[in-house]
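# No letters, just coordinates:
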């Protein structure tokens, strides 16, 4: 487990190196403050060559227009998925 110390999940943590050493190539992200934490983490992962999926119905922002704006930006670098689809994919993988 890594303690998040900044807005972006990779800042100030060994998380990115940990994922790279394990050949993780796809990240699935969800969380609050879509326009800050999710956006910056997703773009950093994308910049490092990872495939990124954003769970659109498992995120939020205090202002829904900011959530929607962040998702619009993220569509350029990430796949948009629903929580039910992630649940199905995890069930079929096990």
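Nice, I can see it. All of these numbers come straight from a predicted model, not from anything done at the bench.

# can you give me the strands for this protein?
Ranges of strands in the chain, per DSSP state E, are 26-32, 51-60, 79-81.

# Throw those into a markdown table and include mean pLDDT and mean neighbour count, thanks.
For the C-beta atoms, the positions are set from N, CA and C on the backbone; glycine is no exception. Below are the strands of the chain laid out as a markdown table (pLDDT from 0 to 100; neighbours: other C-beta atoms under 10 Å):
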| stretch | mean pLDDT | mean neighbour count |
| --- | --- | --- |
| strand 26-32 | 93 | 16 |
| strand 51-60 | 95 | 18 |
| strand 79-81 | 97 | 14 |
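
# Could I get those in TSV, plus columns for distance to residue 67?
Formatted as TSV, those follow (distance: least, C-beta to C-beta, whole Å):
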stretch	distance to residue 67
strand 26-32	9
strand 51-60	6
strand 79-81	12
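
# In the chain, mark out all the helices, start to finish.
15-21, 39-47, 64-74, 83-93 (DSSP state H).

# most packed of these?
Among the helices of the chain, ranked by average contacts under mean count of other C-beta atoms under 10 Å, first place goes to helix 39-47 (a mean of 20).

# Could you name the helices and strands sitting against it?
Applying 3 or more C-beta pairs under 8 Å, 6 or more residues apart in numbering; DSSP states H and E, one finds that helix 39-47 contacts strand 26-32, strand 51-60, helix 64-74.
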